[in-house]
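S.K.: Have a look; sequence and predicted model below, questions after that.
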Amino acid sequence: MADDRKADLDAILRRQREAFTASRPESMNMRKDRVKRAMALLKDHSENLCKAMSADFGNRSVDQSMITDIAGTVGAGKHALKNMDKWAKPEKRPVQFPLGLLGAKAEVRYEPKGVIGILSPWNFPVNLAFSPLMQVLAAGNRAMIKPSEFTERTSLLMAELVDEYFTPDEVAVVTGGPEVAAAFSELPFDHLVFTGSTPTGRRVMEAASKNLVPVTLELGGKSPVIMGKSADFAKAGERIALGKMMNAGQICLAPDYMYVPQDKQDEAIQGVSDGVANMYPTLLENDDYASIVSDRHFERLQGMVADARDKGAEVIEVNPGNEDFSSANQRKMPLTILKNVTDEMEAMQEEIFGPVLPVKTYKTVDDAVDYVNENDRPLGLYYFGQDTEEQERVLTRTISGGVTTNDVIFHVSMEDLPFGGVGPSGMGSYHAIEGFKEFSHARAVYHQPKIDIAKLGGFKPPYGKASQKAAATMMK
Ligand code: NAD
């Protein structure tokens with residue numbers, strides 16, 4: 001990347017850090033004002049932002065974007081505004097006996113970290129840049145955002161709007177491709193939040209480690225659906241179809257594959273197919289159904305299906321309107337269910353991130369649990385069924401970023417639950433108080449009383465009887 005572009009990034013960071021340092025301590029009102037401005041930006045320009053997202057995707061429902069990217073993100077701002085006074089309160093902590101009696105005091109103060117970098121992906125381009133921003137600002141930080149190059153119009157519009165609603169030393173958006181992204185991830189931020197794929201997350205963490213920049217990594221993975229025998233397969237199918245078809249499966253938490261009892265496979269597949277047909281009688285000219293974001297992504301998904309077919313999978317296209325997708329040129333792809341999948345297939349090795357749904361079968365639910373445990377820890381895990389004992393068995397024997405039972409994805413929409421992955425699906429989390437703490441420094445503050453504690457505790461030379469007695473007491 002050109003040296004002057006790097007110098008620009010450095011200059012923005014320096015300017016933000018200087019402004020941050022000079023303005024401390026900042027009032028809660030100032031923080032709230034910034035959160036309100038971020039919310040106003042989204043509300044005032046919601047239509048244009050949704051139109052830009054649709055143009056970037058080829059097609060994406062404006063109504064869907066209004067919910068997922070605008071209202072959902074404004075909701076995160078509202079939640080932060082409502083709770084930030086409480087979240088920011090210093091916490092009194094007990095001191096060891098008898099220090100309290102002598103007047104010692106301890107507390108934890110949640111202080112802003114400084115300048116936080118936000119690197120965001122294309123699949124929910126506004127939400128995944130602005131949701132972390134709400135909490136970053138609530139915690140009293142400044143922010144630099146680098147949105148995805150795949151949703152270029154949306155990224156440029158976000159840059160323009162941020163310029164209008166914030167001074168560059170409060171929030172700045174920088175646009176560009178992977179080179180700018182790589183340079184961005186090398187900046188000596190006070191914290192870096194990355195949302196994107198696991199392979200890129202690895203590179204980001206490596207770059208951040210050079211400056212020991214702490215990272216929050218919101219990555220992807222293969223989020224399984226485990227269906228118990230006691231599941232209502234029609235209802236479950238409808239819910240799985242909704243979660244898999246929204247944004248055409250381009251959701252980090254989309255159900256990636258389904259694990260079903262051997263003798264219920266056809267019922268489970270029928271449930272999902274009916275769910276799709278009920279919501280999307282047609283797909284090609286249906287504005288409710290999103291396109292795949294780029295030719296490259298589209299070809300990748302087609303290749304994944306071809307690979308599965310070549311290796312022996314049965315391929316079922318859920319095409320309720322009997323439309324001809326082969327001659328359509330709009331990157332729309334029907335839900336494609338894969339039966340008889342094996343681990344050798346790409347569809348079982350990579351995160352799918354599109355409308356392809358492999359189905360695996362089990363003899364006992366423990367087979368499914370073992371499979372999940374043998375593979376990378378997923379971002380989400382979904383259990384369907386009425387058997388609470390079985391549900392607990394699945395939950396207590398697996399590990400995942402989050403869980404929704406009897407539905408998919410929904411846990412991310414609960415403002416008071418932390419959202420994040422574990423291991424290869426990510427580290428750290430945001431949303432809820434956990435997000436506020438993620439972007440704050442938990443500073444330990446201890447207030448020493450007038451009395452000479454060191455002498456009293458035997459810590460002060462010359463050592464002797466008092467020290468020996470103190471050590472003995474401490475070990476009692
Ligand atoms: P991606 O990893 O390709 O790109 C994400 C961001 O990283 C973009 O801004 C891009 O410019 C930047 N980038 C690219 N190369 C880089 C490099 N070498 N160094 C630093 N940054 C670089 O991801 P994507 O394709 O935009 O998004 C899809 C992925 O994101 C999926 O894996 C999905 O599961 C994941 N995702 C996770 C969450 C979550 O919250 N956990 C949410 C949405 C998407």
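M.R.: Looks like it came in fine.
S.K.: which residues does the residue of the stretch 1-150 of the chain found nearest the ligand contact?
M.R.: Nearest to the ligand in the stretch 1-150 of the chain, going by C-beta to the nearest ligand atom, is Pro121, at a distance of 3.0 Å. Just so you know, the C-beta spots here come from the backbone N, C-alpha and C atoms, and that holds for glycine as well. By C-beta atoms under 8 Å, 6 or more residues apart in numbering, the contact list for Pro121 reads 128, 148, 150, 195-197.
S.K.: From those, pick the one nearest Ala471.
M.R.: Within those, the smallest distance to Ala471 is 50.1 Å, found for Thr195 (C-beta to C-beta).
S.K.: follow-up on the earlier one: helix/strand/coil for the residue of the stretch 1-150 of the chain closest to the ligand?
M.R.: At Pro121 the chain is in coil, as set by DSSP: H, G, I helix; E, B strand; the rest coil.
S.K.: re the thing from before, dump the contacts of Pro121 into CSV; add distance to the ligand and pLDDT as well.
M.R.: Output for those, formatted as CSV (distance: C-beta to the nearest ligand atom, whole Å; pLDDT from 0 to 100):
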residue, distance to the ligand, pLDDT
Leu128, 6, 98
Ser148, 4, 97
Phe150, 6, 96
Thr195, 5, 98
Gly196, 3, 97
Ser197, 3, 95
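S.K.: out of those, which is most surrounded?
M.R.: Counting neighbours by other C-beta atoms under 10 Å, Thr195 leads those with 26 neighbours.
S.K.: Give me the subset of the contacts of Pro121 lying in helices.
M.R.: Within the contacts of Pro121, residues falling in helices by DSSP state H are Leu128.
S.K.: a markdown table for the contacts of Pro121, including distance to Phe384?
M.R.: Converted to a markdown table, the contacts of Pro121 look like this (distance: C-beta to C-beta, whole Å):
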| residue | distance to Phe384 |
| --- | --- |
| Leu128 | 27 |
| Ser148 | 33 |
| Phe150 | 33 |
| Thr195 | 27 |
| Gly196 | 29 |
| Ser197 | 27 |
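S.K.: of all the contacts of Pro121, which comes closest to Arg5?
M.R.: Distance to Arg5, by C-beta to C-beta, is smallest for Ser148 among the contacts of Pro121, at 17.5 Å.
S.K.: OK, contacts around the closest one?
M.R.: Counting by C-beta under 8 Å, 6+ apart, Ser148 touches 120-122, 125, 155.
S.K.: Tabulate those in JSON lines, adding columns for pLDDT and distance to Leu357.
M.R.: As requested, those are exported to JSON lines (pLDDT from 0 to 100; distance: C-beta to C-beta, whole Å):
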{"residue": "Ser120", "pLDDT": "98", "distance to Leu357": "26"}
{"residue": "Pro121", "pLDDT": "98", "distance to Leu357": "21"}
{"residue": "Trp122", "pLDDT": "97", "distance to Leu357": "22"}
{"residue": "Pro125", "pLDDT": "98", "distance to Leu357": "24"}
{"residue": "Ser155", "pLDDT": "98", "distance to Leu357": "30"}
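S.K.: Which two of the residues you listed have the greatest separation?
M.R.: The span of the contacts of Ser148, defined through C-beta to C-beta, is set by Pro121 and Ser155 at 11.0 Å.
S.K.: one step back: which one of the contacts of Ser148 sits closest to Leu133?
M.R.: For the contacts of Ser148, the nearest to Leu133 is Ser120 (9.5 Å; C-beta to C-beta).
S.K.: count of residues packed around the closest one?
M.R.: When neighbours are counted by other C-beta under 10 Å, Ser120 registers 27.
S.K.: how much space is there between it and Ala71?
M.R.: 18 Å (C-beta to C-beta, to the nearest Å).
S.K.: Could you list the low-pLDDT ranges of the chain?
M.R.: For the chain, the stretches flagged by pLDDT under 70 are 1.
S.K.: Can you name the residues of it sitting close to the ligand?
M.R.: Proximity of the chain to the ligand (C-beta under 6 Å from any ligand atom) is limited to residues 119-123, 128, 146, 148-149, 178, 181-182, 185, 195-197, 200, 203-204, 218-220, 252, 351, 353, 379, 421, 426.
S.K.: Filter the residues you listed down to the buried ones, ChimeraX style.
M.R.: Selection of buried members from the residues of the chain next to the ligand for ChimeraX, criterion 16 or more other C-beta atoms under 10 Å:
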select :119,120,121,122,123,128,146,148,181,185,195,196,197,200,203,204,218,219,220,252,351,353,379,421,426
